[in-house]
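*Asks:* The following block contains a protein sequence and its predicted model.
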Amino acid sequence: MTATDAPAPARLRWMTATARDIIDETPRVRTLVLDVPEWPGHKAGQHVDVRLTADDGYQAQRSYSIASAPGAALALTVERLEDGEVSFYLAGDLRVGDRFELRGPIGGYFVWTAALEGPLFLVAGGSGVVPLMAMLRARADAAVRTPAVLLYSSRSEADIIYRAELERLAAEDAALKVVHTLTRAQPSGWNGFSRRVDRAMLEEVGFAPDTRPRIFVCGPTPMVEAAASSLRALGHAANLIKTERFGPSGR
Ligand SMILES: Cc1cc2nc3c(=O)[nH]c(=O)nc-3n(C[C@H](O)[C@H](O)[C@H](O)COP(=O)(O)OP(=O)(O)OC[C@H]3O[C@@H](n4cnc5c(N)ncnc54)[C@H](O)[C@@H]3O)c2cc1C
């Protein structure tokens, strides 16, 4: 067998995923629980590539973070963009029993494992909460009790993904704090933050730099870049700040 005949590593091979369950998270966001018989397992924070093929052979490929904890059924959470080629299908037309291709898990950098020491500071914008949710689920499964904070920015209350589960995780774990900011609309009586993530918010909600928190930031590109530079300006070490950029604008 020559090098070119060698089988691709399992994580790079296209596999067939079948939708086992579909959960409506918000009016525009759905979680797809998938059966992937060949799935090799994953770490919290990794993603997959999804490939859709039309009847005429046209293909479109996008990345989606893994929402589930290691060991649980593979789940993706997709936000439907009205003019989006792939998300409009996955979070719109796809039905239980439908199939598509994916490959993974991908990524070794934006990854949390129970072996990481120190406080954990997670900063999410919109669907950027997906890989951070995998980390919180993994943390709960491993019964890790070091301090953790999720700062989660959504447009409105109705856009908060995983809201009930986040409330439950925080209620069951005194070391976990979940802080919301709503950037566009706030319900009456809202006493949380009501602006975009900024330096003052990161300082107020996060951990002091000298406690050397592990920081994971995920969301629309401009939000991630602004948060990462604010965290640097606050004195957090660059090698402790890990970022994942989901897309162009985060409209
Ligand atoms: C590593 C990684 C992980 C990701 N994980 C997730 C995830 O868990 N859940 C999820 O919903 N998305 C995730 N994304 C984004 C996803 O890959 C797609 O970019 C998104 O679903 C849009 O694809 P589309 O084919 O529907 O839209 P396209 O047809 O590609 O674009 C349609 C329009 O939307 C704009 N657009 C494209 N992407 C985005 C975006 N992310 N935000 C706002 N506007 C956009 C385009 O400029 C265009 O105007 C991830 C991206 C990366 C790189």
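*Replies:* Cool, the structure landed. Residues are numbered from 1 along each chain as shown.

*Asks:* how about the residues of the stretch 51-200 of the chain near the ligand?
*Replies:* 62-65, 77-79, 81, 83-88, 127, 130 (CB under 6 Å from any ligand atom). (C-beta placed from N, C-alpha, C; glycine too.)

*Asks:* Just among those residues, which is most surrounded?
*Replies:* Neighbour counts for those peak at residue 130, which has 30 neighbours (criterion: other CB atoms under 10 Å).

*Asks:* Look up how far residue 46 lies from that residue.
*Replies:* Residue 130 sits 11 Å away from residue 46, going by CB to CB, to the nearest Å.

*Asks:* Touching both of these two, which residues are there?
*Replies:* Here residue 130 and residue 46 have 65, 66 as joint contacts, going by CB atoms under 8 Å, 6 or more residues apart in numbering.

*Asks:* partners of residue 151 in the sheet?
*Replies:* residue 123, residue 179 (DSSP bridges).

*Asks:* Might one say that it is in contact with residue 128?
*Replies:* No - if you go by CB atoms under 8 Å, residue 151 and residue 128 don't touch, sitting 11.1 Å apart.

*Asks:* The two: which has the busier surroundings?
*Replies:* residue 128 (28 against 24).

*Asks:* So the more buried one: helix, strand or coil?
*Replies:* helix (DSSP: H, G, I helix; E, B strand; the rest coil).

*Asks:* That one touches residue 246, doesn't it?
*Replies:* Yes - here residue 128 lies in contact with residue 246, judged by CB under 8 Å, at a distance of 5.6 Å.
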